[in-house]
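A.B. asks: Predicted structure and sequence below. I'll ask about it afterward.
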Amino acid sequence: MTGKRCPWCGDDPLYVQYHDSQWGRPVLDDRELFEKLCLDGQQAGLSWITILRKQSGYRSAFHQFDPERIARMTEAEEAALMQDAGIVRNRLKIRSVVQNARGYLALQEQGYSFRDWLWRFVDGQVIVNQWTCMQDVPTETAESRAMSKALKKAGFSFVGPTICYAFMQAVGMVNDHLVTCSAHQACVDDALRLGVLR
């Protein structure tokens, strides 16, 4: 990517690559959305780069984020993950991935696609913001508060309004790249191509 970037990614190659090719790009795949929501929950109290560096460790620990396999994890399997240096060793966060898998499957049993269930909070359309400086970007919105409330009701955890907003930014439900960032237009183009922007 040429041109200016949002300043938050700094110059760490992994963070820059994530900023350029993933953050803000619309995600419409159920499993990918599930993985991303779980990983955003793991970020609570930490920086996103910490989780990004451990993403492959999480995929290995949690069966490539297969909700059916995760939902069957035993307490012994959960306890064993407390020894896994490839993830953040926090008992509540480990438990939350299992809980979230069960919530995901319960929604599926009710006939919902996870994609449709989540994207309804933005009416199925990307919210394209026009921020010029990082200080203007909110940490939560009415939409993220509504999503948080609904996810908690559906049995999910580590899904507060701030985590939900970070998730919405990451999966392109909102385009919060600064207008000076060349990824802003690239994300608009992706949204138009995928039919999630009118």
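C.D. replies: Looks like it arrived, so ask away.
A.B. asks: what about the longest helix in this structure?
C.D. replies: helix 91-109 (DSSP state H).
A.B. asks: for this structure, what spans make up the helices?
C.D. replies: Along the chain, the stretches classed as helices by DSSP H are 13-21, 30-42, 48-53, 55-61, 67-71, 75-80, 91-109, 114-119, 142-153, 161-170, 182-194.
A.B. asks: closest to residue 6 out of those helices?
C.D. replies: helix 13-21 (6.3 Å; C-beta to C-beta). For the C-beta atoms, the positions are set from N, CA and C on the backbone; glycine is no exception.
A.B. asks: quick one: low-confidence ranges for the protein?
C.D. replies: 1-3 (pLDDT under 70).
A.B. asks: so can I have TSV of the helices of the chain showing mean neighbour count?
C.D. replies: Below are these laid out as TSV (neighbours: other C-beta atoms under 10 Å):
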stretch	mean neighbour count
helix 13-21	15
helix 30-42	21
helix 48-53	16
helix 55-61	16
helix 67-71	18
helix 75-80	11
helix 91-109	19
helix 114-119	20
helix 142-153	18
helix 161-170	23
helix 182-194	17
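A.B. asks: would you list those in CSV and tack on distance to residue 176?
C.D. replies: Shown next, in CSV, are the helices of the chain (distance: least, C-beta to C-beta, whole Å):
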stretch, distance to residue 176
helix 13-21, 11
helix 30-42, 14
helix 48-53, 13
helix 55-61, 21
helix 67-71, 28
helix 75-80, 34
helix 91-109, 24
helix 114-119, 16
helix 142-153, 12
helix 161-170, 5
helix 182-194, 9
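A.B. asks: Out of the ones you listed, which gets nearest to residue 130?
C.D. replies: Across these, closest to residue 130 is helix 182-194 (C-beta to C-beta), at 8.6 Å.
A.B. asks: which strands and helices sit next to the closest one?
C.D. replies: Contact here means 3 or more C-beta pairs under 8 Å, 6 or more residues apart in numbering; DSSP states H and E; on that basis helix 182-194 packs against strand 174-175.
A.B. asks: Given the strand it packs on, what are its sheet partners and their directions?
C.D. replies: Sheet pairing of strand 174-175 (DSSP bridges) gives strand 127-128 (parallel).
A.B. asks: Please enumerate residues in contact with the partner strand?
C.D. replies: Here strand 127-128 makes contact (C-beta atoms under 8 Å, 6 or more residues apart in numbering) with 143, 173-175, 188, 191, 197.
A.B. asks: again, only using 7 Å
C.D. replies: Outside strand 127-128, the residues that touch it by C-beta atoms under 7 Å, 6 or more residues apart in numbering are 173-175, 188, 197.
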